[in-house]
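> Okay, predicted coordinates and the sequence, questions at the end:
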Amino acid sequence: MLIVGKMLLEYKPQIKTIEINRMTTPNSGKPGHLGVTRLIKAFENSMKGFKAGYKYEEAIRMEIWTLVAGTLFLLFIDLPVLERLFMWFCLIMLLTIEVLNSAIEAAIDRIGFEYHELSGRAKDLGSTAVFLGMVFTTVVWSVLLAKHYL
């Protein structure tokens, strides 16, 4: 027991460092760009995500077209600005949840297509998030439209 304790006290892990040619953010150790360049790169990555989502995910295409139609509808109805804005935020939230769900599904599919209980659970939970977003959006839109038009 004494020998094991002495070995633990003398243990010094070997830490290997890897040099990266790109800049790193202070204190984070993560490689990447800084300042305005970082914002530009983040925007470019977001646009790549939009394109990929629209190209490969039917649900994202549906949510984008729902957002477009909902936005046009909200521009022409007679509701207070804050209520229209809240309704529009519901559509944005719904698209955001769908994008996250698609990201989860893509990551799970990257791991493998064979069935695994945790993979199925992750996909089901993502689907549940989309469902709850749809319920929330439907309730908000129904209540606000009924308040003014019924």
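Yep, that arrived. Numbering: from 1, shown residues only.
> What residues sit buried inside the strand or helix carrying Gly53?
For Gly53, the host element (DSSP states H and E) is helix 35-56. For helix 35-56, the neighbour count (16 or more other CB atoms under 10 Å) marks Gly53 as buried. Where C-beta positions appear, they are placed from N, C-alpha and C, glycine not excepted.
> Output the below-cut-off pLDDT ranges for this protein.
1-30 (pLDDT under 70).
> Let me see the ranges of the helices in it.
Here the chain has its helices, by DSSP state H, at 2-10, 35-56, 58-76, 81-111, 117-149.
> any idea which of those is most buried?
helix 81-111 (a mean of 16; mean count of other CB atoms under 10 Å).
> Residues touching the helix holding Gly53, excluding its own?
32-33, 60-61, 64, 99, 102 (CB atoms under 8 Å, 6 or more residues apart in numbering).
> Nearest to Gly133 among those?
Val99 (11.2 Å; CB to CB).
> Surely the closest one is in contact with Ile64?
No. Between Val99 and Ile64 there is no contact under CB atoms under 8 Å: 9.9 Å.
> Quick check: of the contacts of helix 35-56, which lies closest to Ile108?
Ser102 (10.7 Å).
> returning to what we had before: okay, angle between the helix holding Gly53 and helix 81-111 too, please.
Using axes from the mean of the first three to the mean of the last three CA atoms, to 10 degrees, the inter-axis angle of helix 35-56 relative to helix 81-111 is 80 degrees.
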